[in-house]
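1. Here is a sequence with its predicted model. Questions after.
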Amino acid sequence: MFYAINKYTGLLVEASKALPPRKGYICPKCFAGCHLRKGLKQKPHFAHDSGRASVNCENYHPTKALSKDSNWSILRHSPRLYVCEEDGLGANSLSWKLMLLIPECPQGTGSVKITQGYHGTVIIPVAHLSRGGQRVNVRPQVNYQIGVNGQVDYNYQKKITGPIPGLSKKFYNLFHYAPTGGRKLHNNQVLLWGRSYYLVWYRSFEPEWWPSSKVLWRRTLNPNCEWYCTIIEFPSEEDYQVRKWAENVLHKRVEKPPATLSLMTPIVIRQFEDESLLIPVVEEAILGITGELGTAIPSELHLQLSSNVISVVKLHGPFPIIVSLGQLPPGRTEIWLPEKPDVALSLCAVEVEQGYHPQGVGFVIEETLLQRQVFAPVYSLLARSLLEDVQQGHNSLVAVTIPRRVSTNFRVRRQSDTLFEELLIEAEYSNNEEVNSLKHKEYEERVQQEIVARLAEYQGKLEINFKNYGKVKLDLNRVLKSKILAFQPHRRRQLEWILSVLQSRNPRNSFLSRQGMKQLQRFLEQIPIDQLNASDRLLINRLLKNNCVPVTLEAHLRAIAKHIRKALIETDINL
């Protein structure tokens, strides 16, 4: 529709002349909520909010839908094999284990039985599979059998019962590499340059030759029964020797990586073992689509809601592509690229209490100078600054908070190295909640100790990745030996008050001046901005975004600049 009613003014507004906010309009026919859609390649128009339109409204135009099931949906609802690393007996010894994912069961009573568990038969109540799948540690073998007891959905029972293909003794078995376990590749799936994989084979089927370690990095893990496993990493650039080895030995093609999907908002509450993400129901979910150099830009994005209707979203490049999914209804939503069905996301939206904030990864840091503790989420701009202060010895890392079943991946590259050294840390969970709480606390303490140890090295580059919860990158080469500077509390309050005035006032209705800002910038140029306390540095950066301020604030800016000048003369630690 090209016209809608502004619910604040009651006036009819044309889409080409409408202004944000995107929410705040209603349909002139059915009076349901709608929002503005604008883009570089689409004509401005209004669209009904998800699930709010009436089918009888003449302005209602449903999104084009497909009637067939998606490849990704079929894959997610089928049992899958995973490979995951685990610590061996020695300090530098690494083993591997094989896991079978039992997919989620939407409804029913009873249990699912896996007779080939690593330590015997495993029985899982159907109630534990109602929201997400569950992985079971199994023995390496050719086939697996899953049984169902009780009243279980017929379609679900049909998919998981019967022989489940396991490892092949006559061919190589390839798995994606992931810190929390990689999924087995299907037969016609291609390999990608720059990616890592688990290569599993039977004892009598070892590869006759390997490419040079300079082009194909590999690390061998301890054998598991009569099966062997090696981690291989393909080079980022195409290599003739590696390509021929993959075609002749693995019988696989190697192609450029496809686009990747990532959830930008909302923050993930929890990640299930079947790789699906639990999120709160919010007004707008935003998806990001990115790709490496040479990656083909996808033309469509498919969504399947809990009603099993598949919607198509047209995409337009270049990368990165930001897609607003609107308000996702409670339940599961499948998202995938039709050109590459394996590039997918599975979101499970749930209603949460008002004022609830999903738990994320964060750092609890004690500022020595100000004698206070600060909590910095990993996705915030403050986290990197505070960790840099920890590296310089001005602050200390007190604790790290991490949600359950979230692994931590450290990537370190020293000045003399050409490749990153990786370290994966994760907690092992059982069915005992008390034991799980103790293990998770030990896991968080170990991550904290590892971060402190890495920061103490003062060399190389460090990346701490918490998967969907965010990551932080640090350059440990730069060491600042000068004292850290911090504003006095009343000066900090004065800065916060100036920023609040600038946000609340309309600059068009005020007399503006640039003199105070110029004077402040002149004195700040004499102090490296990194010497300032992290929170003060954030305030100063926000203030410097304003080229001019109302004349009523000039006196306050001159007072702050005067104290900075005084600190330069007296070389005092407090500004």
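-> Good, I have the coordinates. Numbers count the residues shown, from 1 in each chain.

2. Verify the assumption that residue 9 is located in a strand.
-> No - assessed by DSSP: H, G, I helix; E, B strand; the rest coil, residue 9 does not belong to a strand; its assignment is coil.

3. Can you show me the helices along the stretch 151-300 of the chain?
-> Using DSSP state H, counting those that start in this stretch, the helices of the stretch 151-300 of the chain run over residues 154-160, 240-245.

4. what does the stretch 401-550 of the chain give?
-> All helices of the stretch 401-550 of the chain, identified by DSSP H, counting those that start in this stretch, fall at 433-455, 489-504, 515-524, 534-544.

5. Give me the helices and strands touching the longest one, please.
-> Here helix 433-455 touches helix 381-391, strand 395-401, strand 408-413, strand 421-425, strand 461-465, going by 3 or more Cβ pairs under 8 Å, 6 or more residues apart in numbering; DSSP states H and E. No exception for glycine: its C-beta is placed from N, CA and C like everyone else's.

6. quick one: residue 106 and residue 330, what's the gap?
-> Distance of residue 106 to residue 330, computed by Cβ to Cβ, to the nearest Å: 14 Å.

7. Show me what the mean pLDDT comes to for stretch 444-462.
-> Here stretch 444-462 scores 85 as its mean pLDDT.

8. Any buried residues in that stretch, and which?
-> For stretch 444-462, a neighbour-count test (16 or more other Cβ atoms under 10 Å) marks 444, 447-448, 450-451, 454-455, 460-462 as buried.

9. As TSV, these with distance to residue 150 would be great.
-> TSV is the format used below for the buried residues of stretch 444-462 (distance: Cβ to Cβ, whole Å):
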residue	distance to residue 150
444	38
447	40
448	44
450	45
451	47
454	50
455	53
460	55
461	53
462	50
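
10. rewinding a little: residue 502 is nearest to which of the helices and strands packed on helix 433-455?
-> Among the helices and strands packed on helix 433-455, the nearest to residue 502 by Cβ to Cβ is helix 381-391 (19.0 Å).

11. tell me the phi and psi of the spatially closest residue to residue 192 that is not a sequence neighbour?
-> Distances taken as Cβ to Cβ, 6 or more residues apart in numbering put residue 257 closest to residue 192, at 4.6 Å, once the chain neighbours are dropped. Backbone torsions for residue 257, taken as degrees, to the nearest 10, come to phi -60, psi 150.

12. residues in contact with residue 257?
-> Neighbouring residues of residue 257 by Cβ atoms under 8 Å, 6 or more residues apart in numbering: 192-195, 291-292, 295.

13. just residue 201 next, same as before
-> 172-173, 207, 227-228.

14. what's the closest of the helices and strands packed on helix 433-455 to residue 95?
-> Closest approach to residue 95 among the helices and strands packed on helix 433-455 is made by strand 421-425 (13.3 Å; Cβ to Cβ).

15. Sheet partners, orientation included, of the closest one?
-> strand 408-413 (antiparallel) (DSSP bridges).

16. Make a markdown table out of the helices of the stretch 401-550 of the chain and add distance to residue 246.
-> Below are the helices of the stretch 401-550 of the chain laid out as a markdown table (distance: least, Cβ to Cβ, whole Å):
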| stretch | distance to residue 246 |
| --- | --- |
| helix 433-455 | 35 |
| helix 489-504 | 56 |
| helix 515-524 | 55 |
| helix 534-544 | 47 |
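
17. Between the buried residues of stretch 444-462, which sits nearest residue 184?
-> For the buried residues of stretch 444-462, the closest approach to residue 184 (Cβ to Cβ) belongs to residue 447, at 29.1 Å.

18. Surely that closest one touches residue 409?
-> No - the pair residue 447 / residue 409 is not scored as a contact, 10.6 Å apart, by Cβ atoms under 8 Å.

19. Now the common contact residues for these two.
-> residue 425.

20. okay, how far is it across stretch 287-303, tip to tip?
-> End-to-end distance for stretch 287-303, by Cα to Cα, to the nearest Å: 12 Å.

21. Outside of it itself, list whatever touches it.
-> Outside stretch 287-303, the residues that reach it (Cβ under 8 Å, 6+ apart) are 66, 70, 194, 256-264, 310-315, 317-325, 333-340, 345.

22. Hmm, residue 325 is touching residue 282, no?
-> No - using Cβ under 8 Å, residue 325 is not in contact with residue 282; the gap is 10.1 Å.

23. quick one, which of the two is more surrounded?
-> Comparing residue 325 with residue 282 by other Cβ atoms under 10 Å, the one with more neighbours is residue 325, at 19 against 15.

24. so what's that one closest to, chain neighbours aside?
-> Computed as Cβ to Cβ, 6+ apart, the closest residue to residue 325 that is not its neighbour in sequence is residue 285, at 4.4 Å.

25. To which secondary structure element type does residue 556 belong?
-> For residue 556, the assignment made with three-state DSSP gives helix.

26. can you check the one 3 residues further on too?
-> Under three-state DSSP, the three-state class of residue 559 is helix.

27. Next, count neighbours for it.
-> Neighbours around residue 559, by other Cβ under 10 Å: 12.

28. List the single closest residue to it in space, sequence neighbours excluded.
-> residue 494 is the one closest to residue 559 (Cβ to Cβ, 6+ apart), at 7.5 Å.

29. Tell me how this protein divides into domains.
-> 3-62, 72-255, 261-350, 362-427+436-475, 489-570 (automatic domain parsing).

30. and these, which one's lowest on average pLDDT?
-> The weakest mean pLDDT among the domains of the chain belongs to domain 489-570, with a mean of 69.

31. Now do the strands in the stretch 101-250 of the chain.
-> Along the stretch 101-250 of the chain, the stretches classed as strands by DSSP state E, counting those that start in this stretch are 111-114, 122-125, 134-138, 143-149, 162-165, 173-176, 182-183, 191-192, 196-202, 217-220, 227-233.

32. Wait, residue 231 touches residue 197, no?
-> Yes - at 7.4 Å, residue 231 counts as touching residue 197 under the criterion of Cβ under 8 Å.

33. okay but the residue nearest to residue 325 is in contact with residue 266, surely?
-> Yes - contact criterion Cβ under 8 Å: residue 285 and residue 266 qualify, at 6.5 Å.

34. Looking at the chain, which strand is longest?
-> Assignment by DSSP state E gives strand 340-350 as the longest strand of the chain.

35. What strands flank whichever helix or strand comes after that one, and is each parallel or antiparallel?
-> Counting by DSSP states H and E, the element after strand 340-350 in chain order, helix or strand, is strand 362-367. Paired strands of strand 362-367, with direction, are strand 372-377 (antiparallel), strand 395-401 (antiparallel) (DSSP bridges).

36. between the last one and strand 461-465, how many degrees?
-> Angle, strand 395-401 to strand 461-465, by axes from the mean of the first three to the mean of the last three Cα atoms, to 10 degrees: 30 degrees.
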